[in-house]
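> have a look; sequence and predicted model below, questions after that.
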Amino acid sequence: MPDASLKLLLDVDLYAPSPRGRCDLLIVGERIAWIGAAGSALPRELRDGLARHLGATTLDLRGRRVIPGLIDGHVHLTGGGGEDGFKTRVPPLPLSNFTTSGITTVVGVLGTDDVTRGTAGLVAQTRGLREQGLSAWCMTGGYHLPPVTLTGSVRSDLVHIDCIVGCGEVALSDHRSSQPTLDELLKLAADCHVGGLLGKKAGTLHLHLGDGTRGLELIERAITGSELPARVFHPTHLNRKRRLLREALALAARFAAEQQRGIAGREWHLDFTAFPVAPEDDAVTADEALLAYLDAGLPPDRVTVSSDGGGSLPEFDGNGCCVGLGVGRPGALRDALASLLARGQPLERVLPAFTANWAHLLRLPTKGYIDAGFDADLCVLDEQGRVSDVMARGMWHVRDGRARVLGTFERADA
């Protein structure tokens, strides 16, 4: 009988995320066991022996591009929303919403509603996705201060809860925030940093940026006025306003230049959100923002893209009342990558923002790359650059664009 834990992928055009040419891959269980040049490195007798005697399943991909599974570092796993009452609470996202989008690793966050939703529920949802074959982590806290936690403090959550890697998303420059002071932000960031050290975690403070006029002011003051490493402060939604994007690029350029001059602690990372942008919006799409960042010659390993999947996308009037509500889609991450490829961008130039850069920032040592010893998380792309097949932790979740593995409460005919 075939052994589902042994898989041999032949003749893949491998982007790991750097291009490695045509390769064969051997997958054992949840890990990549071996990679070699297609055809010649693994003798035909050995390939036949793996299939005949050990029951390995063999798939010839005939030169199709294979990339690491996408990492989505900002997802509302328990659902976001609530800005217009209880009926606007977004429900949790099912497993196949991620896998059909090419996402094999997620990081869950709480948003505006950290009252009816909490860290305990987020941890439970994270562990549930792990049980269904996805790789999942989460953040403690939410928009507001003091942060909602599981053990009583951010530091303790980071030390004692295996799946918690940071705190957030904490809101800044937004009428829904707690309007934190510089001292409050620094104390929270210090808890993240020290908790990360003690728990051997990333200790990231993931910061929601609204469209307020203060922009990145508080973050800049926190980085330049304290001993904390700049990498602790990870702002997102920086493409929501053109003004905010310009500010972020200028600050990234300044910190990169200071690091080159030997000023310690200036390794600063920023995140763009793949939300929908209408022609009349004063916003920039994630693919445009990423190209603006890369074209500016900024460090290519310090930028990420996320979906805000399951989060609400509210519209407010001048009085702060909700007048419209959309929902973020995990598929927006896949679509942003496809859009970049359609623009003629080299895959190896843009892919790290969706894969390796997240793994580096969040200190996920077996994620973001395709190499021996790494987790077998990968996507197969079709000729148009769209995700057609997805493997998560060594199991095929999606084949030919259709989910083969469904979440516990997903209907097979949905």
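Here it is on my side, so go on.
> can we go C-alpha only for contacts and neighbour counts from here?
Noted.
> list the neighbouring strands of the longest strand seen in the chain plus their orientation.
Looking across the chain with DSSP state E, the single longest strand is strand 3-15. According to DSSP bridges, strand 3-15 forms sheet pairs with strand 19-28 (antiparallel), strand 56-60 (parallel), strand 65-68 (parallel).
> I'd like to know which elements the helix or strand just after the longest one is packed against.
From strand 19-28 onward toward the C-terminus, using DSSP states H and E, the following helix or strand is strand 31-37. In terms of contacts (3 or more Cα pairs under 8 Å, 6 or more residues apart in numbering; DSSP states H and E), strand 31-37 is packed against strand 19-28.
> for the strand it packs on, give the mean pLDDT please.
The average of the pLDDT scores along strand 19-28 is 95.
> just the residues contacting that strand, thanks.
5-15, 32-39, 42, 63, 348, 376, 394 (Cα atoms under 8 Å, 6 or more residues apart in numbering).
> looking at the strands paired with strand 3-15, which is buried most?
Neighbour counts (mean count of other Cα atoms under 10 Å) averaged over each of these peak at strand 65-68, with a mean of 27.
> Glu184 in helix, strand or coil?
Classification of Glu184 by DSSP: H, G, I helix; E, B strand; the rest coil places it in helix.
> can you show me the helices along this protein?
Secondary structure of the chain by DSSP state H: the helices cover 44-53, 95-99, 119-131, 154-160, 182-199, 217-224, 242-260, 286-295, 331-342, 347-350, 356-362.
> of all those, which one is nearest Met139?
For Met139, the closest of the helices of the chain is helix 119-131, at 7.9 Å, according to Cα to Cα.
> and for Asp72, the neighbour number?
26 (other Cα atoms under 10 Å).
> OK, contacts around it?
Asp72 neighbours (Cα under 8 Å, 6+ apart): 103, 105-107, 305-307, 330, 333, 354.
> before we move on, what about Arg393?
Counting by Cα under 8 Å, 6+ apart, Arg393 makes contact with 29-31, 133-135, 375-377.
> filter the residues you listed down to just the buried residues.
Using 16 or more other Cα atoms under 10 Å as the burial test, those include 29-31, 133-135, 375-377 as buried.
> CSV for these, including distance to Glu217?
Listed next are the buried ones among the contacts of Arg393 as CSV, based on distance: Cα to Cα, whole Å:
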residue, distance to Glu217
Gly29, 48
Glu30, 44
Arg31, 43
Gly133, 41
Leu134, 37
Ser135, 34
Asp375, 39
Ala376, 41
Asp377, 38
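> roughly how far apart are Ser312 and Val305?
Ser312 sits 17 Å away from Val305, going by Cα to Cα, to the nearest Å.
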